[in-house]
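1. give me the fold of what follows.
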Amino acid sequence: LLECAARLQSAKFEVRPTVVFAAFNGEEQGMYGSAYFAAQWPYPKNTTIMINIDSVGAQSSAYLSIESPPGRATGVRKALLAIARELGLSAIAGESAGSDHRSLADEGIKAINLIQGDFSVMHRPNDTVDVLSEEKLDEVVSLILTYLQRM
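-> Numbers count the residues shown, from 1 in each chain. I've put the predicted structure just below:
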């Protein structure tokens, strides 16, 4: 999230849409942060796209999962998957409801979740920076910024 914002601000990337960066708390306790944020969303919901970054960059992950909430697949997932393949990333399309993207989807916003976690350490004391791959993190940032540039 921070790297995407930094690269956009550095003028290395120009995008047409308004981009809002948000970090939420309370996902594990019921998605309180994202649910509140989504209910207060000030922009037109029918033109908003949410890309949720959840546990990306794990060294041990074989692929990036690009997920929509169950039964709510949009063209966003298809576009991100196509860009991932162009960039040479190993990615699959999936569905999930267990992350903050669901809160926005529940409010009628097109929402996608990106996840590439090491589930053997996730939410455990050994879930530390050393399990991450800088290269994989950079790939996710490139995927998101390429998508934004093409909008």
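
2. helix or strand for the residue lying farthest from the centre of the chain, just tell me which one.
-> Using Cα atoms, centre = their mean, the residue of the chain lying farthest from its centre is Pro125. It sits 23.5 Å away. Using DSSP states H and E, Pro125 sits within no helix or strand.

3. could you report the distance from Ser10 to Leu143?
-> From Ser10 across to Leu143, the span is 18 Å (Cβ to Cβ, to the nearest Å). (Glycine included, C-beta is placed from N, CA and C.)

4. and these two? which has more neighbours close in?
-> Neighbours per residue (other Cβ atoms under 10 Å) separate Ser10 from Leu143, with Leu143 holding more: 24 against 8.

5. where's that one, which helix or strand?
-> Here Leu143 is assigned to helix 134-150, by DSSP H and E.

6. again with Ile53
-> strand 49-54.

7. list the neighbouring strands of that strand plus their orientation.
-> strand 110-115 (parallel) (DSSP bridges).

8. what's in contact with the strand it pairs with?
-> 48-56, 64-69, 72, 74, 76-77, 80, 96, 99-102, 104-105, 140, 143-144 (Cβ atoms under 8 Å, 6 or more residues apart in numbering).

9. now swap in stretch 91-99 and tell me
-> Counting by Cβ under 8 Å, 6+ apart, 27, 31, 52, 54, 63-71, 73, 77-78, 80-81, 84-85, 102, 113, 115 sit against stretch 91-99.

10. repeat that for stretch 20-27.
-> Contacts for stretch 20-27 (Cβ under 8 Å, 6+ apart): Leu1, Cys4, Ala5, Met31, Tyr32, Gly33, Ser34, Phe37, Tyr43, Ser99, Asp100.
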